[in-house]
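J.: model this:
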Amino acid sequence: MQGVGFRPYVNRLALALGLGGWVANSSDGVTVDIEGTDVAVEDFLRRLTTQLPPLARLDRLHTQELALAGYTVFTIHPSTSTDAPTALVLPDVATCDDCLNEISNPSDRRYRYPFTNCTNCGPRFSILETLPYDRANTTMRLFVMCDYCRAEYEMPADRRFHAQPNACPECGPQLALQDSIGTNLAHRDHALRAAAEALRNGKIVALKGLGGFQLLVDARNDTAVGELRRRKGRPHKPFAVMVASLAHAETVCYVSALEQELLASPQAPIVLLRRGVHPDRPHPAKTRSAIADVVAPDNPLLGVMLPYTPLHHLLLRELEFPIVITSGNLSGEPMAIDEHDALKRLRGIADLFLVHNRPVACALDDSVVRVIAGRAMMLRRARGYAPLPVALKQRLPSLLALGGHLKSAIATTVGSQVMIGPHVGDLDTTPARKAFHGAMHRLRGLHAVQPVAIVCDQHPDYYSSHVARSSGTKVITVQHHVAHIAACMADNGIEGPVLGVAWDGTGYGNDGTIWGGEFITVDGVSTRRVAHLRPFALAGGEKAVTEPRRAAIGVLYELFGESAFGGTTLEALRSFSAAERKVLVRMLARNLNAPRTSSMGRLFDAVASLTGLVQRSSFQGQAAMALEFALDEHPPQVQYHIELQSRDDDAQGALILDWRPMLQALLADIVRGAPTSHVAAAFHNALVEALVDVAQRFGNTRVVLSGGCFQNRYLTERAIDRLRHAGFEPYWHQHVPPNDGGLALGQAMWAARLLEAGVA
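T.: Here you go, the predicted structure:
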């Protein structure tokens, strides 16, 4: 792992033991040539593996005995490069306590300097242009170290020894505050103070952070947050907030011990927390920070993060109140990463721009995690985690995996490692596709990857599939839900056989229809679709993705035919005019633009619509989230019934999860006025019992849970509990998201299996 102070650590250890030789970075890792007595060398190797620096990780250690060279001193050699770099690159790391103390100390030369860092913290991946990780290969090459910084950099005993981003106010990057046309209004610390004053006055500030621009606003100010929503085109999707400390986080949310650990970790992700103050941990009224309801409307959760750069720390200290912090983009576009692009794209959103002159090498959004079943689950993998790899047990062929179309992320294989790039986002817009190409070329370039094959989803119309087919390289396609299951297997280090449960919104099936409620057995390279949700029609096709009411119309038609449209008791029906309902009937009756789907995500949408929660969505997963949030804190142990039916016309003999009895009971509860929380609980519990029923039919001990539906905490935790109670071993995601952000890992793993078996 490069960028963690490993060479300085080796240097200090060698000198302490009286050993001679040298240490050097290469694009393959770190090489040490050491010479001394047997006892000293053995002590060196023992301490090397047991007393690592705080951020270091030792994946492999290969030793070889050589002839004596007669070294009398120990030195750090210049880095070397090879044609196929395999060294791991450290993600960007949150500011350490030592650096925080320096920026807080008026007598320190780095007092209030927003780009303070050392070997134990600071930018890494966001400034790296090529391996090996040396200053000349980063965007910090533009800044020549002053004599003081150079002395720190060259002093083995200093914690900034070979800290590549080392800088100070005399020689490093600087802040400037600009208006919406790029005119400089203030510089250095005056710029930071002026930006803070603008935030106090309800202004929207675009801040150039580690991995690109972020939009900031006072999280207490309903009007200001509402204006940010209007300008950004984001009416409902929750915003995250940044608070100054763990103590401040506890004034607005319940924070478990694990959630505290995640918030304060070097990765410093956004952590989804339950809103409210723990009754056993009261806080003085003066420290309470009211978060505006419009920050996360109709949502019991709040995405919270702590400051992770000196700039964020200084800004939060200046403000003494929480701020909304969200990606600097328009909805559907990637983050802006340089000032010119930001002024062009964010001029209509931000009032002011707090910028600096250190270039960002790649867009890097904030990571998002949620604690599920007692451990952290990654929901968006970016800053702090990318591009760390997932290690597999076998050596892999050189592959480039392009992921899917939504929540795009790219992966490449190096040896037995799958290097996973950061979250890119949905590939619907031209700027997003440009960012996708940039991420692809950067990940390939860092490791000099010459893939024997490019791997993509089998959906013919995904943009990533078009890129693969136009590459001129061998293409391997992997079915969407097989990739989900393979990703979870790789995430947990298991081989199979397994029963994979892949529940999501959309995935192109082997029969050309839309899948999403799938049970697939995996054994070696053999897969079999053994069960799936009963299909229903989506009136209007793609429109149903943003209009849950159309999924509701589809299930009603499946239940009752045209008679379903005779009444207007349900809000899902009332939301359409009489003329629209007539058109919908014709579409469904004639099978016109009404594709059938087995999608569990669309079934969640249908139920959310039928219960009156959401008829139109402005962001992915809005309806499913609303249905999860409708659950009481301790849901009742009620459930509807889903029948398992066999199909004689299915070549593989797949079982059908017939949801119609469940929907009939659900509609009866709605008509009699049952609480939405009761309906939501009975629905979730029915799904879990059906899952366990299928597992019992097929007998595989290991059951893998993947797909976006398993971001739902109640669904996942209840499934895990019920599976364990029934004697199964459940596996769920940890290091990569269960949503489409994890597809590239599964694609790479599956393609490697196919190539090894000679069937690809």
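J.: ok, F6 to G438 distance?
T.: Distance from F6 to G438, counting by C-beta to C-beta, to the nearest Å: 29 Å. Yep, even glycine has a C-beta here, placed from its N, CA and C like the rest.
J.: With neighbour numbers in mind, choose between these two.
T.: Each of F6 and G438 has its neighbours counted (other C-beta atoms under 10 Å); F6 has more, 25 against 16.
J.: There's contact between the more buried one and P53 in this structure, I believe.
T.: Yes. Assessed by C-beta atoms under 8 Å, F6 is found in contact with P53 at 6.3 Å.
J.: which residues in the stretch 601-750 of the chain form helices?
T.: 622-629, 660-671, 676-698, 713-725, 743-757 (DSSP state H, counting those that start in this stretch).
J.: buried ones in the last one?
T.: Buried residues in helix 743-757, counted by 16 or more other C-beta atoms under 10 Å: 743-755.
J.: gap between it and the chain center?
T.: Taking the mean of its C-alpha atoms, helix 743-757 sits 21 Å from the chain's own mean (C-alpha atoms, centre = their mean, to the nearest Å).
J.: So which elements touch it?
T.: Here helix 743-757 touches strand 399-401, strand 411-414, strand 417-420, strand 453-457, strand 475-478, helix 480-492, going by 3 or more C-beta pairs under 8 Å, 6 or more residues apart in numbering; DSSP states H and E.
J.: List the neighbouring strands of the first one plus their orientation.
T.: In other words, strand 399-401. Strand 399-401 has the following sheet partners, assigned by DSSP bridges: strand 411-414 (antiparallel), strand 453-457 (parallel).
J.: And that strand, how far out from the chain middle?
T.: 19 Å.
J.: Specify the beta-bridge partners of the residue sitting nearest the centre point of the chain.
T.: Closest residue to the average C-alpha location of the chain: R380 at 1.2 Å, with C-alpha atoms, centre = their mean. Bridge pairing for R380 (DSSP bridges) gives the partners V368.
J.: can you tell me how far it sits from G708?
T.: According to C-beta to C-beta, R380 stands 12 Å off from G708.
J.: re earlier: now distance to L301, mean pLDDT and mean neighbour count too, for the helices and strands packed on helix 743-757, in CSV please.
T.: Shown next, in CSV, are these (distance: least, C-beta to C-beta, whole Å; pLDDT from 0 to 100; neighbours: other C-beta atoms under 10 Å):
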stretch, distance to L301, mean pLDDT, mean neighbour count
strand 399-401, 31, 97, 28
strand 411-414, 29, 95, 26
strand 417-420, 25, 94, 25
strand 453-457, 30, 98, 27
strand 475-478, 32, 98, 21
helix 480-492, 23, 98, 28
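J.: Of all the strands paired with strand 399-401, which one comes closest to F74?
T.: F74 sits nearest to strand 411-414 of all these, at 29.7 Å, using C-beta to C-beta.
J.: in stretch 35-46, what counts as buried?
T.: In terms of neighbour count (16+ other C-beta under 10 Å), stretch 35-46 has its buried residues at 35-36, 40-41, 43-44.
J.: Could you pull up the mean pLDDT of it?
T.: With pLDDT averaged residue by residue, stretch 35-46 scores 89.
J.: ok, residues contacting it?
T.: Under the contact criterion C-beta atoms under 8 Å, 6 or more residues apart in numbering, stretch 35-46 has outside partners 13-14, 17-21, 34, 61, 63, 68-71.
J.: let's see it at 10 Å
T.: Stretch 35-46 is contacted from outside by 10, 13-14, 16-22, 32, 34, 61, 63, 65-72, 74, using C-beta atoms under 10 Å, 6 or more residues apart in numbering.
J.: now, which of these lie within strands?
T.: Counting by DSSP state E, the part of those found in strands is 20-22, 32, 34, 74.
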